[in-house]
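Undergrad: heads up, no residue letters with this:
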C-alpha cells in the first residue's frame with residue numbers, strides 16, 4: 001500500500017512540475033489528470049530508458065525521468081490539439 005501511495009505522490013509532483021515548465025491553455029487540469037500525467041510520464045521514461053539501455057529491466061525511471069516523460073506527453077498533447085486531432089478542453 002505504501003508503494004502505491006508513493007507512486008501517486010511522485011506522479012502528482014512530476015505532473016505539476018511538467019505543467020509549470022510547459023504551460024498552455026489546452027493542458028489537462030485537475031488533481032487526477034495531473035497525477036495520471038506524472039505516472040504516465042514515469043512509465044514512458046522507464047520503457048524508453050530500458051530500450052536504450054539507461055535502466056536495467058524492471059528498474060524505474062525515478063523523479064527526473066518521470067518529469068521528462070510527462071513533458072514529452074504534454075508536448076505531444078499540445079501538438080495533437082494544435083492539429084485539431086483531439087478537441088481543446090482548455091478553459
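TA: That came through fine. Keep in mind it's a predicted model, so treat the numbers as computed, not measured. Residues are numbered from 1 along each chain as shown.
Undergrad: which outside residues touch the worst-scoring helix or strand of the chain on mean pLDDT?
TA: Lowest by mean pLDDT, DSSP states H and E among the helices and strands of the chain is helix 2-21, with a mean of 81. The set of residues that contact helix 2-21 without belonging to it, under CB atoms under 8 Å, 6 or more residues apart in numbering, is 27, 31, 33-39, 41-42, 63, 66-67, 69-71, 73-74. All C-beta atoms are positioned from the backbone trio N, CA, C, and that covers glycine.
Undergrad: Was I right to think residue 70 contacts residue 35?
TA: No. Using CB atoms under 8 Å, residue 70 makes no contact with residue 35, being 10.4 Å away.
Undergrad: Between the two, which has more neighbouring residues?
TA: Neighbours around residue 70 and residue 35, counted as other CB atoms under 10 Å, are more numerous at residue 70. The numbers are 29 against 20.
Undergrad: Now do residue 37: how many residues are near it, please.
TA: The burial count for residue 37: 26, using other CB under 10 Å.
Undergrad: cool, and residue 12?
TA: Using other CB under 10 Å, the number of residues around residue 12 comes to 18.
Undergrad: repeat for residue 14
TA: Using other CB under 10 Å: residue 14 sits among 30 other residues.
Undergrad: quick one on the thing from earlier: using the neighbour-count criterion, name the buried positions in the least confident helix or strand of the chain.
TA: By neighbour count, and taking 16 or more other CB atoms under 10 Å as the criterion, the buried residues in helix 2-21 are 7, 10-19.
Undergrad: Quick check: end-to-end length of stretch 43-63?
TA: Taking CA to CA, to the nearest Å, stretch 43-63 runs 11 Å from one end to the other.
Undergrad: Tell me the buried residues in that stretch?
TA: For stretch 43-63, the buried set under the neighbour-count rule, 16+ other CB under 10 Å, comprises 43-46, 48-50, 55, 60-63.
Undergrad: Greatest separation within the residues you listed: which pair is it?
TA: Of all pairs drawn from the buried residues of stretch 43-63, the widest gap by CB to CB lies between 50 and 63 and measures 17.0 Å.
Undergrad: Can you name the helix or strand that residue 81 falls in?
TA: Using DSSP states H and E, the secondary-structure element containing residue 81 is helix 62-82.
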